[in-house]
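Q: structure for this input, please:
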Amino acid sequence: MDGNRRWAERRGWPVPLGHKAGVDAVRTLVRACAAREIPVVTIFAFSTENWRRPRAEVAALMLLLRRFIQQEVSNLVTEGVRLRFLGNRQALAPALQALMASAESHTAGGQRLQLNVALNYGGQWDIVQSVQAWARANPGQSVESLSPQALEPHLCTAGLPPPDLLIRTGGESRISNFMLWQLAYSEFYFTPTLWPDFNGDQLDAAIASFNQRERRFGADVGASQAHLTQEPASRAAAGGDK
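A: Residues are numbered from 1 along each chain as shown. Here you go, the predicted model:
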């Protein structure tokens, strides 16, 4: 979800106002995905590298995250949205961790859409922690016996389907350490639109681009076409460094 800072700077506004506009865009995205029957969407809210930003900006982002959770849980329950957080929680403030756990519990019954928030998440960290978790679960086994199928249950995204489509806003054409394992066969969509301006029309453009592609998953023949507006291949991820 790249472009919050530039969006604010172009208006001569403080950077936190750009992040606030980015939160509003998240609400728009969730409603748009639900209306289009996309059952799973993942947003990259805060990366393991974002701690390098100015302390004041990080503090403002954490405050926005807390307010988003506090204000949106009841709406998510009403709209049938299940909330799940992906990432390393141990580095987060205990109060925020408790708030995250409470929000997950309160929204656990949502069946219309699953909203995953990648918070203090990094693709490299996810792979390393999953290998460590596998080793703890299989004491005495050599890493030579480790297979992709054995590792996947230990990833942060265990139980979720791989994303069909990665969307990155803001004009950058990289994935910035987002879901390195899970995006192996995802389609990528890069747009110059800054995240606060990303809306339902922008989402439709991304879906239209996706639906024009032939997905082979490594095969030369017998390719199948997946459509984000149809089950079961209906997963989207929005990634970036804000």
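
Q: I'd guessed residue 23 sits against residue 68; true?
A: Yes. At 5.5 Å, residue 23 counts as touching residue 68 under the criterion of C-beta atoms under 8 Å. C-beta here means a position set from N, CA and C on the backbone, and glycine is covered the same way.

Q: show me where the protein has helices.
A: Here the chain has its helices, by DSSP state H, at 4-9, 15-35, 55-78, 94-106, 123-137, 148-151, 200-211.

Q: between the ones you listed, which one is nearest to residue 113?
A: Closest to residue 113 of these is helix 15-35 (C-beta to C-beta; 4.7 Å).

Q: other SSEs contacting the closest one?
A: helix 4-9, strand 40-47, helix 55-78, strand 113-121, helix 200-211 (3 or more C-beta pairs under 8 Å, 6 or more residues apart in numbering; DSSP states H and E).

Q: any buried residues in it, and which?
A: For helix 15-35, a neighbour-count test (16 or more other C-beta atoms under 10 Å) marks 15-16, 18-23, 25-26, 28-34 as buried.

Q: starting at the chain centroid, how far to it?
A: Distance of helix 15-35 from the chain centroid (C-alpha atoms, centre = their mean, to the nearest Å) equals 13 Å.

Q: could you dump that helix to PDB, C-alpha only?
A: Output of helix 15-35 as PDB, limited to C-alpha atoms (Å, rounded to 0.1, in the frame of the first residue of the first chain):
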ATOM      1  CA  VAL A  15       2.900  12.700   6.800                       C
ATOM      2  CA  PRO A  16       0.500  11.300   9.400                       C
ATOM      3  CA  LEU A  17      -2.400  12.700   7.500                       C
ATOM      4  CA  GLY A  18      -1.300  10.600   4.500                       C
ATOM      5  CA  HIS A  19      -1.300   7.500   6.700                       C
ATOM      6  CA  LYS A  20      -4.700   8.400   8.000                       C
ATOM      7  CA  ALA A  21      -5.900   8.700   4.400                       C
ATOM      8  CA  GLY A  22      -4.300   5.300   3.800                       C
ATOM      9  CA  VAL A  23      -6.400   3.800   6.600                       C
ATOM     10  CA  ASP A  24      -9.600   5.200   4.900                       C
ATOM     11  CA  ALA A  25      -8.500   3.500   1.700                       C
ATOM     12  CA  VAL A  26      -8.200   0.200   3.600                       C
ATOM     13  CA  ARG A  27     -11.900   0.500   4.600                       C
ATOM     14  CA  THR A  28     -12.700   1.200   0.900                       C
ATOM     15  CA  LEU A  29     -10.700  -1.900  -0.200                       C
ATOM     16  CA  VAL A  30     -12.400  -4.200   2.300                       C
ATOM     17  CA  ARG A  31     -15.900  -3.200   1.200                       C
ATOM     18  CA  ALA A  32     -14.900  -3.400  -2.500                       C
ATOM     19  CA  CYS A  33     -13.500  -6.900  -2.000                       C
ATOM     20  CA  ALA A  34     -16.500  -8.100  -0.100                       C
ATOM     21  CA  ALA A  35     -18.900  -6.700  -2.800                       C
END
